[in-house]
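**Q** I would like the atomic coordinates for the input below:
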Amino acid sequence: MAATAQDSTAPLRSGEGKKDEDREEETEYSPFYGIEKGAVLQDARIFHDPNLDPRRCSQVITKLLYLLHQGETFTKKEASDVFFAATKLFQAKDPHLRRMVYLCIKDICPGSDEVIIVTSSLMKDMNSKVELYRSNAVRVLCQIVDSQLLAQIERYLKQAVVDKSPVVAASVLVSALHLIQNNSEIIKRWVNEVQEAVQSKHSMVQFHAVALLHALRATDRLAVSKLVSQLTRASVKSSLAQCLLVRYVRQVIADSQPGPNGEQRPFYDFLESCLRHKSEMVIFEAARAICNLKDVTVRELTPAITVLQLFLSSSKPVLRFAAVRTLNKVAMTHPMAVTNCNIDMEALITDQNRSIATLAITTLLKTGNEGSVDKLLKQIGGFMSDITDDFKIVVVEAIRSLCLKFPAKHRSLMNFLSNVLREEGGFEYKKAIVHAILALIHDIPDAREAGLAHLCEFIEDCEFTFLSVQVLHLLGQEGPTIKEPARYIRYIYNRIILENATVRAAAVSALANFGAQLPDLRDRVTMLLKRALYDNDDEVRDRAMLHLTQLGGAAGGVDAIHPSLDVSLTAMEAALQDYMAAGTTQQPFDL
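**A** As a prediction, the model looks like this:
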């Protein structure tokens with residue numbers, strides 16, 4: 001039953017941390033608790049009553065819509081009975097009930113034979129003097145008619161596009177956007193009316209008209225370019241339509257070839273003029289479009305960054321968030337272009353909105369200098385526990401980039417990463433931290449010992465098998481080359497004793513690497529591997545037996561445990577890709 005589609009007994013609001021009696025009084029339950037399809041279909045019979053109760057009929061329709069949206073299915077007979085009963089409600093004059101009837105007819109989706117019955121009522125409403133009836137009748141008709149019936153009512157819909165009522169005109173334009181997928185030829189005949197709607201003084205009508213014109217030309221790149229050229233010269237007063245136009249301009253710029261000898265991009269002047277628009281929404285859309293241009297230059301970025309800097313000191317949180325988020329992306333490719341905003345972003349570190357503060361700090365990490373690293377890390381540590389894992393990952397990525405930029409600061413940055421690694425967090429967050437430490441170990445030689453030590457502590461209490469295996473593999477590769485390699489054996493052997501089979505198998509292989517590369521430790525490693533022969537998992541036992549045999553000189557010897565490949569893996573990958581791209585060939589692959 002539909003009631004099981006979601007937990008209808010779950011409270012909508014409960015008072016946590018209160019006494020049981022108070023909690024019972026304050027708990028609110030779903031109004032659809034215990035609803036059943038059979039009972040609702042029985043209630044739907046009231047639609048046939050000569051004296052209709054609009055309020056009760058609306059409640060029954062609400063329950064029917066709830067069942068449909070919870071995934072409940074109706075048989076053809078049940079749907080047909082409800083549909084015919086709902087059509088009788090057109091006799092009622094109550095406007096609220098009429099709106100519910102429109103929703104019911106649209107969601108039940110009657111068959112082609114049944115649509116004809118309700119079409120006359122909807123056509124009557126389309127010619128009504130009540131705007132509410134006309135607009136909703138258009139939406140329902142466009143939702144339920146097929147191509148043949150659409151052609152018959154096309155004349156009425158074309159007239160509605162240029163209707164004086166903005167509600168009716170917007171309804172037709174939105175419906176046309178849905179119809180264009182399967183009836184594009186019919187909608188294309190409305191171009192003149194849609195062009196007239198673009199000149200409408202009502203912002204919502206103009207917005208939907210611009211969207212429909214673009215949808216009609218979306219598959220023709222040249223036609224889109226001509227449309228954009230036409231609209232940029234016209235007076236598009238609606239802020240929403242202007243935002244759409246900015247997005248279309250950005251699409252045309254992305255599809256066009258850059259001008260020779262550093263010539264200005266087409267329509268760039270239009271984007272720059274939008275930075276001086278009276279609507280903040282249009283200004284931001286234009287600034288974001290400029291920042292996202294392919295191969296954008298610092299000269300092109302400067303006016304966009306200037307307006308985004310003004311948004312950083314706005315009293316509206318949404319503007320501050322939008323500006324700092326865009327600047328954060330720009331800082332990945334053009335950090336020097338964002339440095340002028342550093343003072344404004346430092347003020348956002350203490351912003352009450354933690355999302356804004358996080359983005360401000362990560363942007364400063366990308367654009368700041370070496371002297372400001374310790375101060376920023378101290379500020380980050382104060383609110384890391386208050387933000388979500390998604391933003392924590394952004395912070396970790398910024399710290400990794402900063403450490404690679406300033407290798408001398410690797411100790412403080414590594415300590416910060418190790419501290420957050422011990423805190424609670426999801427898999428993706430922990431994975432980002434581990435990968436950041438691995439990158440520092442790989443690119444900064446001085447950070448190897450500290451990084452391995454932090455990872456050894458991490459796997460002592462790691463709940464993620466994937467990360468444990470990855471760290472153990474790294475220990476097997478890097479551990480034997482460190483000054484005191486014997487200290488890592490204890491951490492690896494603990495995994496053989498305490499972890500699951502997958503981690504134990506990885507630990508056995510890592511331990512064998514120490515015995516293969518360090519003859520002084522081979523006897524100790526052999527003794528530990530012999531204990532793994534009694535493991536209850538066959539993979540662990542097989543690996544231990546194989547590596548013991550190799551350490552004894554058989555099965556390829558110690559060289560087989562840690563084989564060296566005298567070929568660049570990057571070059572081999574490129575050669576393989578070229579070989580696969582060549583298609584069918586009789587020649588075997590050869591390095």
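**Q** other SSEs contacting the helix or strand hosting residue 393?
**A** Using DSSP states H and E, residue 393 sits within helix 389-405. Helix 389-405 is packed against helix 354-367, helix 373-381, helix 410-421, helix 427-443, with contacts defined by 3 or more CB pairs under 8 Å, 6 or more residues apart in numbering; DSSP states H and E. Placement of C-beta: from N, CA and C, glycine included.
**Q** Leaving out chain neighbours, which residue sits closest to residue 95?
**A** residue 132 (6.1 Å; CB to CB, 6 or more residues apart in numbering).
**Q** Report whether the one you found is found in a helix, as I expect.
**A** Yes - counting by DSSP: H, G, I helix; E, B strand; the rest coil, one finds residue 132 located in a helix.
**Q** so who does it touch?
**A** 95, 98, 99, 167 (CB atoms under 8 Å, 6 or more residues apart in numbering).
**Q** so which pair among those is furthest apart in space?
**A** 98 and 167 (14.7 Å; CB to CB).
**Q** Is the closest residue to residue 135 other than its chain neighbours part of a helix or strand, or is it coil?
**A** Using CB to CB, 6+ apart and skipping the chain neighbours, the partner closest in space to residue 135 is residue 171 (4.0 Å). Put simply, residue 171 is helix when judged by three-state DSSP.
**Q** correct me, but residue 171 touches residue 133?
**A** No - with contact defined as CB atoms under 8 Å, residue 171 does not reach residue 133; the gap is 11.0 Å.
**Q** Neighbour count: these two, which is higher?
**A** residue 171 (26 against 21; other CB atoms under 10 Å).
**Q** What distance do you get for the more buried one to residue 132?
**A** 10 Å (CB to CB, to the nearest Å).
**Q** same thing with residue 506?
**A** Residue 506 is 67 Å from residue 132, by CB to CB.
**Q** Equivalent analysis for residue 305, please.
**A** 46 Å.
**Q** Quick check: buried residues in the host helix or strand of residue 497?
**A** Assigned by DSSP H and E, residue 497 belongs to helix 487-498. Residues 488, 489, 491, 492, 493, 495, 496 are the ones in helix 487-498 that count as buried (16 or more other CB atoms under 10 Å).
**Q** List the residues that contact residue 176.
**A** Residue 176 neighbours (CB under 8 Å, 6+ apart): 142, 157, 161, 187, 190, 194, 212.
**Q** and it, how far is that from residue 212?
**A** Distance of residue 176 to residue 212, computed by CB to CB: 6 Å.
**Q** shared neighbours, these two?
**A** 187, 194.
**Q** Can you get me the centre-to-centre distance for stretch 451-471 and its chain?
**A** Here the centre of mass of C-alpha atoms in stretch 451-471, compared against the chain's by CA atoms, centre = their mean, to the nearest Å, lies 29 Å away.
**Q** So which residues make contact with that stretch?
**A** 414, 417-418, 421-422, 427, 430-431, 434, 437-438, 440-441, 472, 474-475, 478-479, 482, 488, 491, 494-495, 499-500, 502-503, 506.
**Q** Any of those buried? List them.
**A** 414, 417-418, 421, 430-431, 434, 437-438, 440-441, 472, 474-475, 478-479, 488, 491, 495, 499, 503, 506.
**Q** can you map out the helices along the stretch 51-200 of the chain?
**A** Under the criterion DSSP state H, counting those that start in this stretch, the stretch 51-200 of the chain contains helices at 54-69, 76-87, 95-108, 112-126, 131-144, 147-161, 166-179, 184-188, 191-198.
**Q** swap in the stretch 451-591 of the chain?
**A** So, for the stretch 451-591 of the chain - with DSSP H, counting those that start in this stretch - the helices run 465-478, 487-498, 501-517, 522-531, 538-551, 569-581.
**Q** Flag whichever of those helices has the least confidence on average.
**A** Mean pLDDT is lowest for helix 569-581 among the helices of the stretch 451-591 of the chain, at a mean of 80.
**Q** Which of the residues in that helix are classified as buried?
**A** For helix 569-581, it's none, nothing buried (16+ other CB under 10 Å).
**Q** so how far is it off the chain centroid?
**A** 32 Å.
**Q** where does the stretch 1-150 of the chain dip in pLDDT?
**A** The model of the stretch 1-150 of the chain has pLDDT under 70 over residues 1-30, 109-114.
**Q** Pull up the distance across stretch 477-495, start to finish.
**A** 17 Å (CA to CA, to the nearest Å).
**Q** got the contact list for that stretch?
**A** 441, 448-449, 452, 456, 459-460, 468, 472, 475-476, 503-504, 506-507, 510-511, 513-514, 517-518, 521, 524-525, 528.
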